[in-house]
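Novice: Structural data only, the sequence is not supplied:
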Ligand SMILES: Nc1ncnc2c1ncn2[C@@H]1O[C@H](COP(=O)(O)OP(=O)(O)O)[C@@H](O)[C@H]1O
Ligand SMILES: [Mg+2]
């Protein structure tokens, strides 16, 4: 990565009671990039995000935003962050507009014109003066996004943002995120437990499980090539090639160029080959592999 | 800071309940003053005074006759004396209330203001938690202590406004329903008060009651921060407000009773002379109040600043 990271998580750890909810997280986020934060329910995504915006204090470690520590330089560093933690909770008894005025007053230099601009951006012009209690979940999400964008943050954090959006809404949202990342060079961090969503939306994916960061990968390097080989006797194949069993055959990672040679070797050994197919191991397979089936994180025993 | 206070003020008045409370406050004050005027006409005591006076006259004629034993004479004289005291009382109580006495007794309605301020103070922090808006409020470039301070200042402003409304409605209804005093002095508890001193005296009593309302509201504010529960904050504070005096009386025989807040929170006792504990002085009471006030605020701010927000 050539540019400097906007955000760095350094050895971020959170212990509640006896339980390590977040375990020594290290992660850097870069301008113009959308990073996915993927993990099953209870993995610690929300807890990490709460620590990134000062709602919870880390047990140890720190969060740096443009090099400024969140613990020692709170006001300065958080002023560059826009965030929606879980569902955006607004003051229901006020209009959407008053809610935005309320949050705008908490930042420096958000003008009335800026508020109107953001309202137009999220397409809320028609209903903005109605009470939030009359809004649908989708409209609340838009309003939530509006309040997060008011002060032109360099870093946007969204915690499971597509909850409650319909497929068309999710698609629109995705396009919108992409445009603010590219046009304004905003670094975006999106958490989700739904991989299909993250896969489409993000440049990079960080996978978290039981409070530990498992790996960080660029989405375009994720798809390595695998071949599915069905042959007999399969035990003999296993001696020659390293791979994993899948149904009646074996799943082996190799490049296209290696295939003819592998076939030659198998034939020379007198093995009968029934099928050789390229197998794209999807992100889903990898995710399930990494998270051990993607089951809900071990429940916290008290 | 001004922006934060504007925000809190906007949120406070966006709730229907706040308007209802304040309108109810003004209506009840004007209504009750008017009702008191009406009932004055219904319960006319002047006949009682007249019958007492005729009885005194009868005793007078009996005393005038000569065929009385010394013993009977003494008895009659004592009876006459009692009667005369009763006449004075009946005339006193039958005096039509004057505008000035209504104004000076306005501070008695301040318990309503205390209740309303408790409701506002108990909810101003805890509703942010129960509605989940606290996370939107605290992930901003504003330190937590500033957020909490703006909320506390808003409670003070609300209490001031409610106090002003109370005073204004009371004065207004005093002018509508009552006529001014004809004499230059009036009785206020055990002392004679110059009628011209009514304004300063009534405002001073209002100020002392305002202090009382604010210290109780500060308890509600603190409980709202500590428990994040509006119901608990309001419930406990109202309970303490009504039973505080009784608790002190109950514990009066112990020496620590004089350090209980509720032995001092009502400073108007130094004007009316109805102190719960004997031998208390204004400076001592003020000291005790200040110490409690500081403790309540320090506890509130420390808790609020250190808490992990998971709502
Ligand atoms: N205040 C808390 N006290 C104890 N455990 C908690 C607390 N908050 C969260 N946890 C636990 O931390 C883990 C991570 O939760 P969370 O960050 O909400 O996960 P996610 O957002 O990835 O679904 C869960 O196992 C949850 O039970
Ligand atoms: Mg979550």
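Specialist: Perfect, I can see it now. Quick caveat, the model's predicted, so the values are computed rather than measured. Residues are numbered from 1 along each chain as shown, chains lettered A, B, ... in the order given. Ligands and ions are numbered 1, 2, ... in the order given.

Novice: Look up how far residue A:160 lies from the residue nearest to residue B:33 when sequence neighbours are not counted.
Specialist: Nearest residue to residue B:33, sequence neighbours excluded (CB to CB, 6 or more residues apart in numbering or on different chains): residue B:173, at 3.9 Å. C-beta: built from backbone N, CA, C; applies to glycine. Here the criterion is CB to CB, to the nearest Å. By it, residue B:173 lies 57 Å from residue A:160.

Novice: From the centre of the chain, give me the residue that's furthest out.
Specialist: All of this is about chain A. In chain A, residue A:270 marks the outermost C-alpha relative to the chain mean, sitting 47.9 Å out by CA atoms, centre = their mean.

Novice: actually it's chain B I care about, not the one you picked
Specialist: Within chain B, counting by CA atoms, centre = their mean, residue B:67 lies farthest from the centre, at 58.5 Å.

Novice: A helix includes that residue, no?
Specialist: No - read with DSSP: H, G, I helix; E, B strand; the rest coil, residue B:67 is coil and lies in no helix.

Novice: Would you mark the buried spots in whichever helix in chain B runs longest?
Specialist: Criterion DSSP state H: the longest helix present in chain B is helix B:144-177. Residues B:144, B:147-155, B:158-159, B:162-163, B:165-167, B:169-171, B:173-174, B:177 are the ones in helix B:144-177 that count as buried (16 or more other CB atoms under 10 Å in any protein chain shown).

Novice: same deal with stretch B:192-201?
Specialist: Here stretch B:192-201 shows B:193, B:195, B:198, B:201 as buried, counting by 16+ other CB under 10 Å.

Novice: show me the contacts for the residue nearest to the second one when sequence neighbours are not counted.
Specialist: It stands for residue B:195. Among residues not flanking residue B:195 along the chain, residue B:181 sits closest, at 5.0 Å (CB to CB, 6+ apart). If you count contacts by CB atoms under 8 Å, 6 or more residues apart in numbering or on different chains, residue B:181 has them with B:98-101, B:195.

Novice: all strands of the stretch 101-250 of chain B, in order?
Specialist: Secondary structure of the stretch 101-250 of chain B (DSSP state E, counting those that start in this stretch): strands located at B:185-188, B:191-194.

Novice: so how far is the last one off the chain centroid?
Specialist: Spelled out, that is strand B:191-194. Here strand B:191-194 is found 21 Å from its chain centre; the criterion is CA atoms, centre = their mean, to the nearest Å.

Novice: Would you mind pulling the contact partners of that strand?
Specialist: Counting by CB under 8 Å, 6+ apart, B:104, B:184-187, B:201 sit against strand B:191-194.

Novice: Distance-wise, check the residue farthest from the centre of chain A relative to chain B.
Specialist: 64 Å (CB to the nearest CB, to the nearest Å).

Novice: That residue falls within a strand, correct?
Specialist: No - secondary structure of residue A:270 (three-state DSSP): coil, not part of a strand.

Novice: mind checking how far it is from residue A:240?
Specialist: For residue A:270, the distance to residue A:240 equals 12 Å [CB to CB].

Novice: before we move on, what about residue A:157?
Specialist: Distance of residue A:157 to residue A:240, given as CB to CB: 49 Å.

Novice: for residue B:33, same thing?
Specialist: 102 Å.

Novice: can you give me the helices in the stretch 101-250 of chain A?
Specialist: A:112-121, A:137-149, A:167-184, A:195-201, A:219-222, A:234-240 (DSSP state H, counting those that start in this stretch).

Novice: same question, the stretch 101-250 of chain B
Specialist: Remark: helices assigned in the stretch 101-250 of chain B by DSSP H, counting those that start in this stretch are B:110-130, B:134-138, B:144-177, B:198-227, B:230-250.

Novice: which parts of chain A sit against ligand 1?
Specialist: Neighbours of ligand 1 within chain A, by CB under 6 Å from any ligand atom: A:16, A:21, A:39, A:41-47, A:297, A:300.

Novice: Would you mind checking these for buried ones?
Specialist: The neighbour count (16+ other CB under 10 Å) marks A:21, A:39, A:42-47, A:297 as buried among the residues of chain A next to ligand 1.

Novice: For chain B, which residues are neighbours of ligand 1?
Specialist: Counting by CB under 6 Å from any ligand atom, chain B sits next to ligand 1 at residue B:310.

Novice: got the contact list for the most centrally placed residue in chain B?
Specialist: Centroid check for chain B by CA atoms, centre = their mean gives residue B:110 as the closest residue, at 3.5 Å. Listed by CB under 8 Å, 6+ apart, the contact set of residue B:110 reads B:163, B:166, B:206, B:209-210, B:212-213.
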